[in-house]
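S.K.: structure here, sequence nowhere to be found:
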């Protein structure tokens, strides 16, 4: 496999991307250089297969799953760098053929997760004045809010963005506070035009108050100002997350599979 510079590769990989019924936000994020990643192809002029990966062990596979040379390369990468280590290894699968290949390659060490992808169809309301009167506040994620966060700490941004600095430069998010305490957060886990993928969490003591919807509304309005379409993703057995997505006016758009190495 040939390692390429990720920055100018949209045109090169476009034929492979167009074959996919679902394109993970991870792919857009790496190809737009919003998160640090690597791109490997089987041919640097006319690739029929590509693998996109990040330092945190997230990968996506595109194109022809029957290429034996690619299988041997991917198997070697998995076996010698990930299989017997504590490192994360998760692959976003683009087709049933790739799902079979990876399931065979990882054997009992691989777990199959079916996930649902939602896109936003309707606008949400702004921050209600009644919440301000009750002591709640809304503000952008900053270095200070990340330090104070109970849910999306610096380690989160280091895992998905490479660093807090990179997130603050290229990403965005919002927090809701109550008496200066962060009680709800909505942030970007992946961002690459045309999509930004939502990650949201509310402190257990403050659930059921509609704070997630309000934080999401601010996040979504910011997304649209940037020309981005928000996405919501979760495992299909996470019924509470799916219900929240629907409450937030997201509509189910697709389903896909992630194959993840079982933790050592």
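M.R.: Received the coordinates, thanks. As the structure is a prediction and not an experimental result, all values here were calculated from the model.

S.K.: which helix or strand in this protein has the lowest average pLDDT?
M.R.: Ranked by mean pLDDT, DSSP states H and E, the helix or strand of the chain with the weakest confidence is helix 129-133, at a mean of 62.

S.K.: C-terminal to it, what's the next element?
M.R.: strand 136-140 (DSSP states H and E).

S.K.: partner strands of that next one, parallel or antiparallel?
M.R.: Here strand 136-140 is paired, per DSSP bridges, with strand 173-178 (antiparallel).

S.K.: and the residue nearest to residue 83 when sequence neighbours are not counted, how far is that from residue 199?
M.R.: Computed as Cβ to Cβ, 6 or more residues apart in numbering, the closest residue to residue 83 that is not its neighbour in sequence is residue 109, at 6.3 Å. For glycine as for every other residue, the C-beta is placed from the backbone atoms N, C-alpha and C. Distance, residue 109 to residue 199, using Cβ to Cβ, to the nearest Å: 27 Å.

S.K.: what's the answer for residue 160, then?
M.R.: Using Cβ to Cβ, one obtains 8 Å as the distance from residue 160 to residue 199.

S.K.: what do these two both touch?
M.R.: By Cβ atoms under 8 Å, 6 or more residues apart in numbering, residue 160 and residue 199 have these common neighbours: residue 189.

S.K.: and these two? which has more neighbours close in?
M.R.: Taking neighbours as other Cβ atoms under 10 Å, residue 160 and residue 199 compare with residue 160 leading, 23 against 19.

S.K.: now do the contacts for that one.
M.R.: Counting by Cβ under 8 Å, 6+ apart, residue 160 touches 35, 56, 189, 190.

S.K.: over to residue 63?
M.R.: Residue 63 neighbours (Cβ under 8 Å, 6+ apart): 16, 19, 47, 48, 49, 50, 94.

S.K.: returning to that earlier point: and the contacts of residue 160, which is closest to residue 83?
M.R.: For those, the minimum distance to residue 83 (Cβ to Cβ) is 16.7 Å, reached by residue 56.

S.K.: shouldn't the closest one be within a helix?
M.R.: No - applying DSSP: H, G, I helix; E, B strand; the rest coil, one finds residue 56 to be coil, outside a helix.

S.K.: which residues of the stretch 151-264 of the chain score low on pLDDT?
M.R.: 264 (pLDDT under 70).

S.K.: just the strands in it please.
M.R.: 173-178, 181-192, 195-202, 229-235, 250-261 (DSSP state E, counting those that start in this stretch).

S.K.: got those strands as CSV, with distance to residue 209 columns?
M.R.: Output for the strands of the stretch 151-264 of the chain, formatted as CSV (distance: least, Cβ to Cβ, whole Å):
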stretch, distance to residue 209
strand 173-178, 9
strand 181-192, 9
strand 195-202, 8
strand 229-235, 20
strand 250-261, 19
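
S.K.: deepest of those strands, which one?
M.R.: Across these, averaging neighbours per residue (mean count of other Cβ atoms under 10 Å) puts strand 181-192 on top, at a mean of 24.

S.K.: and stretch 83-94, what's buried?
M.R.: Residues 83, 89, 90, 91, 92, 93, 94 are the ones in stretch 83-94 that count as buried (16 or more other Cβ atoms under 10 Å).

S.K.: got a list of what the residue nearest to residue 83 touches?
M.R.: Going by Cβ under 8 Å, 6+ apart, residue 109 touches 83, 261, 262.

S.K.: so for stretch 27-40, mean pLDDT?
M.R.: Averaged across stretch 27-40, pLDDT comes to 90.

S.K.: out of the buried residues of stretch 83-94, which is nearest to residue 11?
M.R.: For the buried residues of stretch 83-94, the nearest to residue 11 is residue 94 (18.8 Å; Cβ to Cβ).

S.K.: gap between that closest one and residue 253?
M.R.: Applying Cβ to Cβ to residue 94 and residue 253 gives a distance of 16 Å.

S.K.: do the same with residue 185
M.R.: For residue 185 relative to residue 253 (Cβ to Cβ), the value is 24 Å.
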